[in-house]
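# Compute the structure for the input listed below.
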Amino acid sequence: MTWVCLGFLLTTPCRSESCVAEPHCIIQPEEAQDVSTAVKVINFFQVKFAVRSGGHSPNPGWSSVGSQGILLDLSRLNSVSLSANGQIASVGPGLRWGEVDKALDAEKAVVIGGRLPTVGVGGLILGGTLRRCLYLWTERSV
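Modelled structure (predicted):
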């Protein structure tokens, strides 16, 4: 797990500069246990935080947090795997839908997801879309 504090460089491009609020600290978990540890630390200190999957949302504060908080950046949770029978895809929340499509295309598999390749998996699945119909299709396929 990587912790970067003050003086970091934002490496995940964002659709709009208005959605970037520079955090005090960025945590980049590499596995589920790292996420759990980070959330426990955040909770212990009662610090304001935000979670970024793809960082696509142009709304201030949706995928970023200001200097008083911590950003939990999921970009390193980026694996894609397909079950042996090809029926179930396991997709990391740090991926963007274009990366998922590319990985599964090689396996001749598809998933219900975002139509724009830059949209993050985690945000869309957890209801980050303003299009309720797409959200329901995606949510019900998890």
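
# Tell me which residues of the longest helix seen in the chain come out buried.
As assigned by DSSP state H, the longest helix anywhere in the chain is helix 32-45. Under the neighbour-count criterion of 16 or more other C-beta atoms under 10 Å, helix 32-45 has Asp34, Val35, Ala38, Ile42 buried. C-beta coordinates here come from the backbone N, C-alpha and C atoms, glycine included.

# check contacts around the spatially closest residue to the second one that is not a sequence neighbour.
Spelled out, that is Val35. Spatial nearest neighbour of Val35, excluding adjacent residues (C-beta to C-beta, 6 or more residues apart in numbering): Pro29 at 4.6 Å. Residues in contact with Pro29 (C-beta atoms under 8 Å, 6 or more residues apart in numbering) are Met1, Val35, Thr37, Ala38, Leu72, Leu74, Arg76, Leu77.

# Just to check, the fifth one is in contact with Val47?
If I follow you right, that is Leu72. No. Using C-beta atoms under 8 Å, Leu72 is not in contact with Val47; the gap is 10.8 Å.
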